[in-house]
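Colleague: Sequence unavailable; structure follows:
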């Protein structure tokens, strides 16, 4: 067993940004553990542009964005190990990892940043009737086949789910010569960014069918077709709406889940709404010294926000290692009407050095409604939004002076209001 001041689990955009921030804040004994054979995470297969507009004030592809942080890690000579899988983590911050070179390793960390990212929701969760032929892929797997391996997964394709990866792959596959027949979404609204609907579907005349799903799959050895059905307000197929669509490939883009098996092993408290750790304003989990950031905490829509959040986690981990007083779960940040979750869930106003950013998602589509923030029963923030959708993450900035002006703040409530 060997010891480290700070171990970062995950070498994607969150882990890299956290490592750089911690190093700049005085932490020198750092180790990044990455299970792939390269740093950069999922961004290495995201060759489309649209990254970096907030962080670097320019438009980059995924690999270009990742390289900016990889270069910083190399420049600061921050140690990392690749092809290494963390297989266990306990509440005492002892990490068990394994690779081909070193075998089983045990690492005792003074502090840990969880940055494992997220995974795609499996098809099994959908319970689609029919056979299990080849030709059914998650959108992320198809993205790797096309962008990394150089394979086209199919020629005539139906995409189920309108998450951002599915929308982006509709365009990518079309550019590679495939016929993307349609994108289906069981909800009455898309799960992706508006810009991706416009740039990836509308610009290529690819139909988006809302309130539709796949109710059967045909084919023994390879997908031959699917049945598409409209659904009612309870998301139940409407009899008589069935339509057979011939295709050789079905892509699933049905949501992402934070990768928190290790967090659960350590005994970290997990939110039922985000499936990520419950954290305070310092991004510290329920276990002192274990922090979380990026998509392992909650699924983000922009990687720029992942990096910003990760940098904050790195700074707070550095403060923890300096022995500064622990952040208390003093004030609860709770959700009201129309808001599904918030990150963070708690705030200690005594630890704030500046404004607090609270990120959240709404639970439905709203037009010309107001986002309001209440400190206990007093409304301090009230802003009209033309459109609110679950696919777009929202945020509010709460100035430190608001906290200073309240002596015993119990709750902060974020709601969607009519007026």
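Modeller: Thanks, I have it. Keep in mind that this is a model prediction, so the values were computed, not measured.
Colleague: ok, residue 210 - how many residues close by?
Modeller: Neighbour count of residue 210, defined by other CB atoms under 10 Å: 15. No exception for glycine: its C-beta is placed from N, CA and C like everyone else's.
Colleague: meant to ask about residue 257
Modeller: By the measure other CB under 10 Å, the count of residues near residue 257 is 16.
Colleague: So in that sheet, which strands flank the helix or strand encompassing it, and in what orientation?
Modeller: Taking DSSP states H and E as the criterion, residue 257 maps to strand 256-258. Applying DSSP bridges, strand 256-258 is found paired with strand 118-120 (antiparallel).
Colleague: Now do the contacts for the residue nearest the centre of the chain.
Modeller: Central residue of the chain (CA atoms, centre = their mean): residue 299, 2.3 Å from the mean position. By CB atoms under 8 Å, 6 or more residues apart in numbering, the contact list for residue 299 reads 118, 256, 257, 258, 274.
Colleague: what's the answer for residue 266, then?
Modeller: Counting by CB under 8 Å, 6+ apart, residue 266 touches 89, 90, 91, 93, 287, 290.
Colleague: phi, psi of it?
Modeller: The phi and psi torsions at residue 266 (degrees, to the nearest 10) take the values phi -80, psi -10.
Colleague: The chain should start at 306 in everything you say after this.
Modeller: Sure, I'll start numbering at 306, so the last one becomes residue 571.
Colleague: Once you drop chain neighbours, what's closest to it?
Modeller: Spatial nearest neighbour of residue 571, excluding adjacent residues (CB to CB, 6 or more residues apart in numbering): residue 394 at 4.5 Å.
Colleague: Would you double-check that residue 349 falls in a helix?
Modeller: Yes: according to DSSP: H, G, I helix; E, B strand; the rest coil, residue 349 belongs to a helix.
Colleague: What is the neighbour count of it?
Modeller: Residue 349 has 20 neighbouring residues, counting by other CB under 10 Å.
Colleague: How about the one 10 residues further on?
Modeller: Here the number of neighbours of residue 359 (other CB under 10 Å) works out to 12.
Colleague: thinking again about what came up before, the residue nearest to the centre of the chain belongs to a strand?
Modeller: No: under three-state DSSP, residue 604 sits outside any strand and is assigned coil.
Colleague: Backbone torsions only: list them for it.
Modeller: phi -70, psi 120.
Colleague: re the thing from before, with respect to residue 316, which of the contacts of residue 604 is nearest?
Modeller: residue 423 (14.9 Å; CB to CB).
Colleague: who does that closest one bridge with?
Modeller: When assigned by DSSP bridges, residue 423 has beta-bridge partners residue 563.
Colleague: what's the answer for residue 636, then?
Modeller: For residue 636, the beta-bridge partners under DSSP bridges are residue 652.
Colleague: wait, it sits on residue 656?
Modeller: No: assessed by CB atoms under 8 Å, residue 636 is found out of contact with residue 656, at 11.1 Å.
Colleague: thinking again about what came up before, quick one, which of the contacts of residue 571 are buried?
Modeller: 394, 398, 592, 595 (16 or more other CB atoms under 10 Å).
Colleague: from the residues you listed, which ones fall inside strands?
Modeller: 394, 595 (DSSP state E).
Colleague: so can I have a markdown table of the buried ones among the contacts of residue 571 showing distance to residue 413 and pLDDT?
Modeller: Converted to a markdown table, these look like this (distance: CB to CB, whole Å; pLDDT from 0 to 100):
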| residue | distance to residue 413 | pLDDT |
| --- | --- | --- |
| 394 | 11 | 97 |
| 398 | 7 | 97 |
| 592 | 14 | 96 |
| 595 | 13 | 97 |
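Colleague: Counting neighbours, which bits of the strand or helix carrying residue 616 end up buried?
Modeller: Element membership for residue 616 (DSSP H and E) is helix 608-626. For helix 608-626, a neighbour-count test (16+ other CB under 10 Å) marks 608-626 as buried.
Colleague: average model confidence for that helix?
Modeller: For helix 608-626, mean pLDDT is 96.
Colleague: so what's the residue of the chain most remote from its centre up against?
Modeller: In terms of distance from the mean C-alpha position of the chain, residue 545 ranks first, at 37.2 Å (CA atoms, centre = their mean). Listed by CB under 8 Å, 6+ apart, residue 545 has no contact partners.
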